[in-house]
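> predicted coordinates and the sequence they were generated for:
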Amino acid sequence: MQQQAWWNGATGRSDVPLETPEVLYLRYQCYRRRQVTRLLHLVPRDAIRELYGQARAWASERGLHDARDPMATLSAFAEHLLPLPSFEVWQEDRARHPLSHIEDGGEDPRSDEMVLPRRLEDRRFHYGGRSWTASLNVFRDGAMWRGFLRFREVGRGRRYHTANIFLEETARKVRQRFREFDRGTLGAFLRSVLP
């Protein structure tokens with residue numbers, strides 16, 4: 001059974017979606033902003049004024065200070081302080097640990113807003129004499145993680161997907177449940193969505 005992560009798009013096969021360099025770079029910038037936000041939330045309230053004073057001096061020396069947007073100055077300084085990986089190192093880590101990056105990129109669990117689904121893993125199987133790929137897609141919905149399956153016939157463009165069939169506390173648990181599905185279970189879900 002061939003498995004492949006959602007992030008692997010440059011294989012040259014037509015049944016694997018491509019994540020463009022621009023999209024990857026935007027995801028990297030979002031990762032950096034999340035790390036900065038997390039750092040700033042760790043700083044005690046009574047220390048923010050002093051930190052902002054340091055940030056303002058640092059930004060003024062570099063011509064980056066904008067008095068109309070103190071938060072931008074503070075964020076730029078915090079980003080400067082953090083030992084964040086380069087884009088290349090981040091890509092390599094993302095390739096090795098896709099699930100961690102999906103969970104890290106989920107919205108605040110206290111938020112009521114849903115985030116866009118992310119393709120986590122693919123499994124190939126045979127059904128009706130044809131080869132199919134079942135893709136697990138996950139997303140955070142409040143404090144929980146939901147997931148659904150998207151099926152595509154290998155070599156063809158048409159896709160079929162289930163309703164949300166997973167509801168777990170973590171994306172890891174969703175992936176674990178998906179991995180427990182045998183070919184018969186995958187075939188039954190595929191049958192349920194075929195016209």
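Arrived safely. Computed from a predicted model, the values in this text were never measured in an experiment.
> surely residue 165 and residue 138 touch.
No - counting by Cβ atoms under 8 Å, residue 165 stays clear of residue 138, with 11.3 Å between them. Quick note: C-beta positions are derived from backbone N, CA and C, even for glycine.
> between those two, which one's more packed in?
residue 138 (29 against 15; other Cβ atoms under 10 Å).
> what helix or strand does the more buried one sit in?
If you go by DSSP states H and E, residue 138 is part of strand 130-141.
> what's the first helix or strand after that strand?
Later in the chain than strand 130-141, the nearest helix or strand by DSSP H and E is strand 144-153.
> adjacent strands (with direction) for the helix or strand just after that next one?
Where DSSP H and E defines the elements, the next helix or strand beyond strand 144-153 is strand 159-161. Here strand 159-161 has these sheet partners by DSSP bridges: strand 144-153 (antiparallel).
> circling back: determine the set of other helices and strands touching the strand holding residue 138.
Applying 3 or more Cβ pairs under 8 Å, 6 or more residues apart in numbering; DSSP states H and E, one finds that strand 130-141 contacts strand 118-127, strand 144-153, helix 171-180, helix 183-193.
> this protein - how does it break down into domains?
According to automatic domain parsing, the chain comprises the domains 13-96, 111-193.
> if we can go back for a sec, need the residues touching each of residue 165 and residue 138.
residue 147 (Cβ atoms under 8 Å, 6 or more residues apart in numbering).
> residue 104 is nearest to which of the domains of the chain?
Among the domains of the chain, the nearest to residue 104 by Cβ to Cβ is domain 13-96 (7.0 Å).
> run the chain-centre distance for that closest one.
Mean-position distance between domain 13-96 and its chain equals 17 Å (Cα atoms, centre = their mean, to the nearest Å).
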